[in-house]
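> Pasting the sequence and the predicted coordinates here, then a few questions.
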Amino acid sequence: MFNLNGKIAVVTGASSGLGKDAAIAYAKEGANVCLLARRIEKIESLAKELESLGVKAIALKCDVTNEDEVKSVIEDIINRFGRIDILLNNAGIAIGGGVETLTEEDWDKSMDTNVKGIYLMCKYVVPVMKEQNYGKIVNVSSINGLIADKADIFIRHSYNASKAAVLGLSRGMAASYARFGITVNSVCPGLFESEMTENTLFKSNEFLNGYNSLCPASRPAKKGELNGTILYFSSDASSYVTGQHIVVDGGTSIV
């Protein structure tokens, strides 16, 4: 049921971290993968890696906050493959600071990347999925769209707001598009090592010790531990599941 042979998957923010891991997981399950990111050199090397697994993979430069670029990239993908079966909206940014210190520019940057980027991708992918009467949209939110943190090192009010908005947008789209064979679901990861966290949170022993003491699993996530949930929402194993979110956080949000 998790087999994705012949499916066309589009992954935003595919140059590193969770997006890169998911792209590899898709390819291992037989999907052809369209890699989108601003850093073209990183996804070009990843495309070659994926093709060694026996699937087709293309790298396309795209800033998800730029409507012209998004429109052009989706048109390019349709010209090449004729369809889009899976859209993983993973591109995201985490800017630290509370409402007292955040600049308006930083607030807008968070909302543009984390929310507007999903809106723009779906604006051009949903019509394709409606026409083919099939589609799996997976949006990456966060446990910080559901809960807040008291630790000063983790205050990110614009991140909280934008990731909560992802959940609301996902539910709205799910209700609108289920009759067209399109499911829309979200994943809410806890602490994973990525470019967003490796140079900040993972370098703070004070933060990690605090996180480990509060997390029932007593550790951050390991590489690849989000892939199973993403594959579930991206495959026909979740054919009657829409408008939902799954938290992947070692139990952090339940205590």
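The structure has been received and is ready for your questions. It should be emphasised that the depicted structure is a prediction, and the values quoted were computed from it without experimental measurement.
> in the helix or strand where residue 232 lies, what's buried?
Element membership of residue 232, judged by DSSP states H and E, is helix 227-234. Under the neighbour-count criterion of 16 or more other C-beta atoms under 10 Å, helix 227-234 has 227, 229-234 buried. Using the backbone N, CA and C atoms, a C-beta is placed for each residue, glycine as well.
> which of the residues in stretch 210-223 are buried?
Buried residues in stretch 210-223 (16+ other C-beta under 10 Å): 210-211, 215, 220-221.
> hang on, the earlier thing: got CSV for the buried residues of helix 227-234, with distance to residue 20 and pLDDT too?
Below are the buried residues of helix 227-234 laid out as CSV (distance: C-beta to C-beta, whole Å; pLDDT from 0 to 100):
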residue, distance to residue 20, pLDDT
227, 11, 97
229, 16, 98
230, 12, 98
231, 15, 98
232, 19, 98
233, 18, 98
234, 16, 98
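> Could I get these in JSON lines, plus columns for distance to residue 100?
Output for the buried residues of helix 227-234, formatted as JSON lines (distance: C-beta to C-beta, whole Å):
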{"residue": "227", "distance to residue 100": "38"}
{"residue": "229", "distance to residue 100": "35"}
{"residue": "230", "distance to residue 100": "36"}
{"residue": "231", "distance to residue 100": "41"}
{"residue": "232", "distance to residue 100": "40"}
{"residue": "233", "distance to residue 100": "37"}
{"residue": "234", "distance to residue 100": "40"}
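> Between these, which sits nearest residue 242?
Residue 242 lies nearest to residue 233 out of the buried residues of helix 227-234, by C-beta to C-beta, at 9.3 Å.
> can you tell me which residues contact that closest one?
By C-beta atoms under 8 Å, 6 or more residues apart in numbering, the residues touching residue 233 are 136, 138, 183, 185, 187, 241, 246.
> Please apply the same query to residue 80.
Residue 80 makes contact with residue 58, according to C-beta under 8 Å, 6+ apart.
> host element of it?
Assigned by DSSP H and E, residue 80 belongs to helix 67-81.
> List the buried residues in that helix.
Within helix 67-81, judged by 16+ other C-beta under 10 Å, the buried ones are 69-70, 73-74, 77, 81.
> elements contacting the very next helix or strand once past it?
Reading on from helix 67-81 to the C-terminus, the next helix or strand found by DSSP H and E is strand 86-89. With contacts taken as 3 or more C-beta pairs under 8 Å, 6 or more residues apart in numbering; DSSP states H and E, strand 86-89 sits against strand 8-12, helix 17-28, helix 117-132, strand 135-140, helix 227-234.
> list the helices and strands the fourth one packs on?
Pointing back at strand 135-140 there. So strand 135-140, by 3+ C-beta pairs under 8 Å, 6+ apart, packs with strand 86-89, helix 117-132, helix 157-177, strand 182-189, helix 227-234.
> orientation of the third one relative to strand 182-189 in degrees?
With axes from the mean of the first three to the mean of the last three C-alpha atoms, to 10 degrees applied, the angle from helix 157-177 to strand 182-189 works out at 160 degrees.
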